[in-house]
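pasting the structure only:
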DNA sequence: GCGACAG
DNA sequence: ATCTTGTCGC
């Protein structure tokens, strides 16, 4: 009998069932030593060939200077289509392929997507955190579920993202004044730009997740870890690499250690 | 029953 | 996510 965590070929119904079993395992309290954080990671997934190829990018950054120290790009055939709520089953296999090639494990991981701000509280950041057994934070550009009030158009301002209580919510979940479950925060990472959604993935609290993302903000909408991974995983990033040699194209495993 | 719907 | 040029604004 295969470990349920290793099965990425489930039907949508089975995937949802697996999420219900895994959600309770997600730790929502801090379990990372802030003073022992030396390496951060940013993860993002992109697609090529009309979606037939999945491209995972992972960037390691030194803390606190936020300078990239290693980056990996891993490609593999896409397994399943995109289904809202089941994103992790489509993206995690490739992400794991990239993580296997890293020379070292990061202390904290930032993922492009939701953490517990998910209908079953198991967004891609939480799912990946469980798999890697590492603290993770989800940084999404769009909302999957929940509601929120207005967020002042001032960098650093934020507002809670809340949702109605669900069966999979722990007894001790954080509730707002109206008794709604706090699943994340809408953070104005940059003035004049739509807020990003910050939600705990695994082994981290709402407050600490927000604190780390704010600490990694530059002048752009996305925090450095995710911004760099995004650039690596997106098609746009390809335009910026070696205009020269063509004979090595396709032979490169995509990995490289930066100086 | 009618919308909403991460990447 | 991806297909895609120029263009408005700090």
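Arrived safely. This structure is a prediction, so every number in the text was calculated from the model and none was measured.

in the stretch 51-200 of chain A, which spans are strands?
A:53-62, A:68-77, A:108-112, A:136-140, A:158-163, A:181-187, A:196-202 (DSSP state E, counting those that start in this stretch).

what's the first helix or strand after the last one?
Translated: strand A:196-202. Per DSSP states H and E, strand A:196-202 leads on to helix A:206-215 as the next helix or strand towards the C-terminus.

could you check that next one and say which residues are buried?
A:206, A:208-210, A:212-213 (16 or more other C-beta atoms under 10 Å). For glycine as for every other residue, the C-beta is placed from the backbone atoms N, C-alpha and C.

go through these and name the one nearest residue A:172.
Residue A:172 has its nearest neighbour among these in residue A:206, at 12.9 Å by C-beta to C-beta.

OK, contacts around that closest one?
A:28, A:174, A:182, A:184-185, A:199-200 (C-beta atoms under 8 Å, 6 or more residues apart in numbering).

near DNA strand B, which residues of the stretch 1-150 of chain A show up?
By C-beta under 7 Å from any atom of the strand, the residues of the stretch 1-150 of chain A that approach DNA strand B are A:44-45, A:47, A:51, A:82, A:84-88, A:112-114, A:118, A:123-125, A:138, A:140-144.

using a markdown table, lay out the strands of the stretch 51-200 of chain A together with mean neighbour count, distance to DNA strand C and mean pLDDT.
Converted to a markdown table, those look like this (neighbours: other C-beta atoms under 10 Å; distance: least, C-beta to the nearest atom of the strand, whole Å; pLDDT from 0 to 100):
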| stretch | mean neighbour count | distance to DNA strand C | mean pLDDT |
| --- | --- | --- | --- |
| strand A:53-62 | 24 | 7 | 97 |
| strand A:68-77 | 19 | 12 | 97 |
| strand A:108-112 | 29 | 7 | 98 |
| strand A:136-140 | 29 | 9 | 98 |
| strand A:158-163 | 21 | 18 | 98 |
| strand A:181-187 | 24 | 17 | 98 |
| strand A:196-202 | 29 | 12 | 98 |
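
ok, which of these comes nearest residue A:37?
Closest approach to residue A:37 among the strands of the stretch 51-200 of chain A is made by strand A:108-112 (5.6 Å; C-beta to C-beta).

which residues outside that closest one are in contact with it?
Residues outside strand A:108-112 that contact it (C-beta under 8 Å, 6+ apart) are A:32, A:37, A:39-45, A:124-125, A:128-129, A:132, A:134-141, A:201, A:204, A:212-213, A:216, A:223, A:225-226, A:229-230.
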